[in-house]
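1. How does the following fold in three dimensions:
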Amino acid sequence: MPEHQPPAPLVLEKEILDRFVAVYFKEKGKYLSLLENHGSPLWVLDTSVLKAKALRFSQAFNAYFDKTSYYFAMKSNNRPEVSAALLESGFGLDVSSGIELRTALNLNAGDIIFSGPGKTHEELNLALQHRDRVTLLLDSFGELDRLSALVSGPDPVSPVRVGIRLTTNPEGLWRKFGITLDMLPEFWKKIAALPHIRFAGLQFHSSWNLTPERQVEFIRLLGQALARMPKDFNRKIEFIDIGGGYWPEEGEWLHSPETPEGASPQENSIPWDRVRPHYRIPGTPIETFAKEISQAFHTHIFPHADCRICFEPGRWICHSAMHLLLSVTDKKSHDLVITDAGTNVIGWERFETDYFPVLNLSRPGPVERPCHILGSLCTPHDVFGYAYFGEGMETGDCLMIPCQGAYTYSLGQNFIKGLPGFVKL
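-> Model prediction:
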């Protein structure tokens, strides 16, 4: 499948940024109280946001599909309270390891899909022990062989239920996932000869979906493949899982427009004592995803297979439901402060490229001011931001970085310093 280039970055409009900042400043008292009661640094999870996002996501697709299932991608935020809230919202769980599977089982999840390459014998055995709750998404011929060797015989009451993972890109690093569409007839022939394993569906995934374009294109290619498959194969398709990768509607916010050469010449000419422009790659409302993906299914898939459509949202659900609170421990100059947390709390150098507003809850203000806001790790690659919203910055001030719910908490690590506390609203 050809690669689709994302839209070019736009300058982040002041109106969009101001509205975003105002929402959190309006509730500054709540966050300051949490810091006073629970200490700093602190993760704050708002489960009402999780549930609202889950409802909007499911309603968008239920408007177009009669049969659907939803699975939260646990890797995007592995805090158990996140998964628990989504189970309460009627979601299942998408796990990618034995560790995540055990967490899902401990949460009493009744509908689990186990995806990911390179599943070990121990992980496959754990899934088999809970076959009444787990659907295995097989990633390769070798994985099918390993699973078959572990299954002693058919179980008519609780068969081993599997899906086939399809790769959406047979080139580059993404080819590690699944099999190519041209391998599907051979894979089906092999799995059909195993009476102790029940084929139930197909899965594919594309990432960084700022628009539904890549998903729609692969659905078209899948429809062509199904047209060539035996009718008994298509009749056995109970589900098609289109994965996740939906980007939040506000898009991706960046410090600089991404070019092969890095920052633009205009940006490099701006001195560091001024706030530089911010950029965004536009996102797409989830309702637009639902409409276009539905049209693709009705055109290309449903003529061949009458099946349930499954979804694995992660980032889209949890991105805006978790926030990071921290405090200034040292003001080294008017434009340089050190915080009581390091970027080990999010596990990577996110804020060197991605832009998220830093809000001074102690001295709120609508103007963004230049300042290096750095962590307390013994490394220069410990950046939280290059500016903040507020009326000055002093030692002891309480800061907030909103919308840190996805691919941050799961990656946090005890590097030099420990991890923040946690509170659930």
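
2. Quickly find the element holding the residue nearest to Lys53 when sequence neighbours are not counted.
-> Of all residues not flanking Lys53 in the chain, Ile317 sits nearest, at 4.8 Å (Cβ to Cβ, 6 or more residues apart in numbering). Bear in mind the C-beta positions are built from the backbone N, C-alpha and C, glycine included. Assigned by DSSP states H and E, Ile317 falls within helix 315-318.

3. returning to that earlier point: tell me how many other residues surround the residue nearest to Lys53.
-> Counted with other Cβ atoms under 10 Å, residues neighbouring Ile317 total 31.

4. Past the helix holding Ile317, which element shows up next along the chain?
-> strand 322-333.

5. For stretch 150-168, buried residues please.
-> Under the neighbour-count criterion of 16 or more other Cβ atoms under 10 Å, stretch 150-168 has Val151, Pro159, Val160, Arg161, Val162, Gly163, Ile164, Arg165, Leu166, Thr167, Thr168 buried.

6. Go through the residues you listed and name the one nearest Arg56.
-> Comparing these against Arg56 with Cβ to Cβ places Thr168 closest, at 25.5 Å.

7. how about stretch 55-72 as CSV, C-alpha atoms only?
-> Provided in CSV are the C-alpha atoms of stretch 55-72 (Å, rounded to 0.1, in the frame of the first residue of the first chain):
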residue,chain,number,x,y,z
LEU,A,55,-19.0,7.2,24.2
ARG,A,56,-18.3,9.7,21.3
PHE,A,57,-16.1,7.2,19.6
SER,A,58,-18.6,4.3,19.7
GLN,A,59,-21.5,6.5,18.8
ALA,A,60,-19.7,7.8,15.7
PHE,A,61,-19.2,4.3,14.3
ASN,A,62,-22.5,2.8,15.6
ALA,A,63,-24.3,5.4,13.5
TYR,A,64,-23.0,3.6,10.4
PHE,A,65,-22.4,-0.1,11.4
ASP,A,66,-25.0,-2.5,12.8
LYS,A,67,-22.4,-4.8,14.5
THR,A,68,-19.4,-3.3,16.3
SER,A,69,-16.9,-4.1,19.1
TYR,A,70,-14.4,-1.7,20.7
TYR,A,71,-11.1,-2.6,22.4
PHE,A,72,-8.9,-0.1,24.3
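
8. Could you give me the buried positions within it?
-> By neighbour count on 16+ other Cβ under 10 Å, the buried set for stretch 55-72 is Phe57, Ser58, Ala60, Phe61, Tyr64, Phe65, Ser69, Tyr70, Tyr71, Phe72.

9. what does it contact?
-> Here stretch 55-72 makes contact (Cβ atoms under 8 Å, 6 or more residues apart in numbering) with 54, 82-83, 86, 89-94, 111-113, 239, 241, 286-287, 289-291, 293-294, 297, 307-314, 316-318.

10. Look up phi and psi at the closest residue to Ala73 other than its chain neighbours.
-> Of all residues not flanking Ala73 in the chain, Gly314 sits nearest, at 3.0 Å (Cβ to Cβ, 6+ apart). Backbone dihedrals for Gly314, given as degrees, to the nearest 10, come out at phi -130, psi -80.

11. ok, Gly314 - contacts?
-> Taking Cβ under 8 Å, 6+ apart as the test, what Gly314 contacts is Phe72, Ala73, Met74, Lys75, Ser76, Asn77, Asp94, Gly244, Ala406.

12. And Pro80, by the same measure?
-> Thr103, Asn106, Leu107 are the contacts of Pro80 under Cβ under 8 Å, 6+ apart.

13. Next up, phi/psi of it, please.
-> Dihedral pair for Pro80: phi -60, psi -30, per degrees, to the nearest 10.

14. domains of the chain?
-> Domain assignment for the chain, taken from automatic domain parsing, gives 48-317, 320-424.

15. What mean pLDDT does the longest one get?
-> Translated: domain 48-317. Regarding domain 48-317, the rounded mean pLDDT is 91.

16. Do me a favour and get the end-to-end distance for that domain?
-> Length of domain 48-317, first residue to last, Cα to Cα, to the nearest Å: 11 Å.

17. Return the distance of that domain from the chain's centre.
-> 11 Å (Cα atoms, centre = their mean, to the nearest Å).

18. sorry, back to before: which of the contacts of Pro80 has the most neighbours?
-> Within these, Thr103 tops the neighbour count with 19 neighbours, counted by other Cβ under 10 Å.

19. Need the three-state assignment for it.
-> Following DSSP: H, G, I helix; E, B strand; the rest coil, Thr103 is assigned to helix.

20. In space, what's closest to it - neighbours in sequence excluded?
-> Of all residues not flanking Thr103 in the chain, Pro80 sits nearest, at 6.0 Å (Cβ to Cβ, 6+ apart).

21. Over to Lys51?
-> Closest residue in space to Lys51, ignoring its immediate chain neighbours: Ser89 at 5.1 Å, by Cβ to Cβ, 6+ apart.

22. residues touching that neighbour, list them.
-> Neighbour list for Ser89: Leu50, Lys51, Ala54, Leu55, Ser58 [criterion: Cβ under 8 Å, 6+ apart].

23. Let me have those residues in a markdown table, extended by secondary structure and distance to Met393.
-> Shown next, in a markdown table, are these (DSSP: H, G, I helix; E, B strand; the rest coil; distance: Cβ to Cβ, whole Å):
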| residue | secondary structure | distance to Met393 |
| --- | --- | --- |
| Leu50 | helix | 32 |
| Lys51 | helix | 35 |
| Ala54 | helix | 37 |
| Leu55 | helix | 38 |
| Ser58 | helix | 42 |
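
24. Stretch 53-71: end-to-end distance?
-> End-to-end for stretch 53-71, by Cα to Cα: 13 Å.

25. One more: stretch 198-210?
-> Start-to-end span of stretch 198-210 (Cα to Cα) is 35 Å.

26. picking that back up, among the contacts of stretch 55-72, which ones are buried?
-> Taking 16+ other Cβ under 10 Å as the criterion, what is buried in the contacts of stretch 55-72 is 54, 82-83, 86, 89, 91-94, 111-113, 239, 241, 286-287, 289-291, 293-294, 297, 307-314, 316-318.

27. So Pro41 sits against Ala341, correct?
-> Yes: Pro41 lies in contact with Ala341 (Cβ atoms under 8 Å); the separation is 3.8 Å.
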